[in-house]
Each structure stands twice: as C-alpha cells, then as structure tokens.
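A.B. asks: What follows is a predicted structure for the sequence shown.
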Amino acid sequence: MNNIFGYTLEDLEEYFTSIGEKKYKAIQVYDWLYKKSIYNFDEFSNIKKDIITKLKNDFTTEFIKMEKVLEGTDVKKFLFRLLDGEKIEAVLMEHNYGLSVCVSSQVGCNMGCKFCESGRLKKVRNLETYEIVEQILLIQKYINKRINSVVLMGIGEPFDNYANIIKFIRIINNAHGLAIGSRHITVSTCGLVPKIYEFSDLDLQVNLAISLHGATDAVRNRIMPVNKVYSLDTLMGAIRDYIAKTNRRVTIEYVMLNMVNDKAEDAIALAELLKGMNIYVNLIPYNETKNIEFSKSSKERITNFYNILVSKKINVTIRREFGGAIKAACGQLRSESD
Ligand code: SAH
C-alpha cells in the first residue's frame, strides 16, 4: 500500500480520475492532510463513504517515528526511526526571520566527502518521498508552529535521490499542501552535474546551493571524490547553464578547512573562478568531528578569506554557526546515533 504523503497533488488527481471521480477531490484530501492535519480518512467529512473506503484500501497514512529530540539554543535535532528500522536526522533552526528545517534525503550517503560525518555511513537506501515530507509534518506538530523554510542539507545527496526529492518539493510547495514558498526551499548538491542540468529545466523556482569547497581540481579532488567524476570545469559549466536558464542566483557553499582550502591563494582562485557570475558565497565554519583529520580555520583566517573575496567584489557571507553543542551542525548528522 502506498503512503499518501508521497503523493503530489497531480498524482492524487490522477488517482481520483483513475477511479472515476472528480479531480478536485484531491484538493479536498490535501486540505485535510496539510491544512487541517487530520490523518484519519474516516474524518474526511466532505468525502463520500464509498470513496473513503477506497482511500482506506489504497493508501496508508503511517508515520515514521520521532524517537529522540535534542534541544539546544535556537536549534533542535530530531532523530527519526523509519518503518524498516533505519534512522535519520533532521534539524530545526530558529532564525530571526522564521523557522527553518534541514531534512535528510537518504539513509547514509555515497558521496564520501572526506570532511563530512554523514558520509562515513555508506548509503543504505534512498528515502521515500513520504519519509521526507513526514520529517516536516512531525516537526511542525512537535513545535506546534509553521515551518517557513526548508533546506535539503541533512544526511544524503539530494540529487542522488532526484525523483523523490522533486516530488517532496512539489508537495511542500503546493498552495494546497504545506504552501512553503519556493524561494524558501533550497536544494544543496555536491555537484552531480547531469542532475543540475535536469534541475535547470524544471518549472520550480527553488534555490540551488552548490557545495564547492575548493576552487581548483587539486583541492576538490583531495576532499570530494565526486570531483573525479564531474570535474570543476564541468560543474562550473552546469552552474552557468542553470543561471542562464533560470536567471536565479546560486549559493556557493565553501566549508573552511584549516590549511586545506583557506589560504589567500585559495580565496584569489575562488574569486577568479566566480568572477561576474550571479552567485553568492556562503563561507561555512567547519564543524570538527571526532573521527576526522580536518580542523577548522581560525576566525582570522576566515576573516582574511572573506576580505579577499569582498575586495574582489564577490558577494559573500559567513554562515552563522548552529547546533554544534548538540551535534546538529552541518556535517555532524549521521544515520546512527552516537
Ligand atoms: N550532499 C549535499 C547535501 C548536504 S548539505 C551537499 O553536499 O551539498 C550539507 C553541507 O554541509 C554541505 O555543504 C557539506 O559540504 C557541509 N558540511 C559537511 N560536513 C561539514 C562539517 N563538518 N562542517 C561544516 N560543514 C560541513
């Protein structure tokens, strides 16, 4: 049986058409699920009994389990257990402009970035669409507030689970669904080039972030195995194509690794690489993890790097640090709890 939270509105419309019913029933169902938060089909009072019986036969509304919540200042980390026993995590961040959730897209990750904790566990499987949607629903229920923005930056490589994350985006973005505005949704990729091209052709207005972390093949090869498949040059080509097609600004993520990619010459190379492009750079202070050989750049080195970019007219910000104390920060999420 299929979990109903994996269905886009269009999927549900097709379903109703296929059983000989009117398409607008899909909107009614969405309204119960996403606006009224009623998950028991029997309570769908504007829907006829025989259709409810069909719904009950064809769909489940089973939820993944919220197993543990760690609370820090302005941040909460949620450990979820999936119905097959696998575990994933999501993070809620309270910004002054609203509540943002960072969701996982896979159990484990195969990208193998050397500095990232999530990648130490090989991918077990992709998340189903409903498993991504339910992370949001359960967090909203837990805090009893509406989520304003969503980033696909938890465990996993979203573009390695492309079809499911696109459905997820459509579901949360839909005005009859969670109605999270497309400008408030960000997908982050380590650089799966063919999917960036596919993404450029979609009718979605969501933000794209690229985990670049290096301005040369030498640096990227050392820390991100994906670069051996899609070199920096091919990646930059895809980003340029995306910007040309969508006319949208791309976020370039750059994690600051002491003595690896944070030297003055790295900043100069980065500025050169990005010159004239519609991008902004987000410098990410590295969160050290106990198992890994990299260390964080000092404040001075980050400031110095930042200043070089500014002097070269590159838009740049330094990411606010979140969740370190409860291991909820970037690169610290795992599919096993410690
Ligand atoms: N796989 C996708 C989604 C993960 S996003 C991607 O690579 O973009 C998580 C972001 O945090 C990525 O930019 C990742 O490179 C970065 N990151 C990973 N480990 C980190 C760490 N220990 N400290 C800070 N950022 C880290």
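C.D. replies: Structure received. Numbering: from 1, shown residues only.
A.B. asks: so Ile165 touches Glu128, yeah?
C.D. replies: No: using CB atoms under 8 Å, Ile165 is not in contact with Glu128, being 10.9 Å away. Just so you know, the C-beta spots here come from the backbone N, C-alpha and C atoms, and that holds for glycine as well.
A.B. asks: Those two: which is more packed in?
C.D. replies: Ile165 (25 against 20; other CB atoms under 10 Å).
A.B. asks: who touches the closest residue to the more buried one other than its chain neighbours in this structure?
C.D. replies: Nearest non-adjacent residue to Ile165, counting by CB to CB, 6 or more residues apart in numbering: Pro158, 4.6 Å away. Applying CB atoms under 8 Å, 6 or more residues apart in numbering, we find Pro158 in contact with Ser105, Leu152, Ile165, Val187, Ser188, Thr189.
A.B. asks: ok, so of those residues, who is nearest the ligand?
C.D. replies: Within those, the smallest distance to the ligand is 3.5 Å, found for Ser188 (CB to the nearest ligand atom).
A.B. asks: Verify the assumption that the closest one is located in a strand.
C.D. replies: Yes: under DSSP: H, G, I helix; E, B strand; the rest coil, Ser188 sits within a strand.
A.B. asks: got a list of what Leu257 touches?
C.D. replies: Applying CB under 8 Å, 6+ apart to Leu257 gives the contacts Phe115, His213, Ile223, Tyr286, Phe294, Ser295, Lys296, Ser297.
A.B. asks: ok so, going back, ok, and the most crowded of the contacts of Pro158?
C.D. replies: Going by other CB under 10 Å, Ser105 tops the contacts of Pro158 with 27 neighbours.
A.B. asks: Wait, that one touches Val151, no?
C.D. replies: No: if you go by CB under 8 Å, Ser105 and Val151 don't touch, sitting 10.8 Å apart.
A.B. asks: restrict the contacts of Pro158 to those near the ligand?
C.D. replies: With CB under 6 Å from any ligand atom as the criterion, the contacts of Pro158 include Ser188, Thr189 near the ligand.
A.B. asks: Rebuild the contacts of Pro158 as JSON lines, extending it with pLDDT.
C.D. replies: Compiled in JSON lines, the contacts of Pro158 are given as follows (pLDDT from 0 to 100):
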{"residue": "Ser105", "pLDDT": "98"}
{"residue": "Leu152", "pLDDT": "98"}
{"residue": "Ile165", "pLDDT": "98"}
{"residue": "Val187", "pLDDT": "98"}
{"residue": "Ser188", "pLDDT": "98"}
{"residue": "Thr189", "pLDDT": "98"}
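A.B. asks: Export the contacts of Pro158 to CSV and append columns for distance to Leu99.
C.D. replies: Shown next, in CSV, are the contacts of Pro158 (distance: CB to CB, whole Å):
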residue, distance to Leu99
Ser105, 20
Leu152, 16
Ile165, 20
Val187, 19
Ser188, 19
Thr189, 24
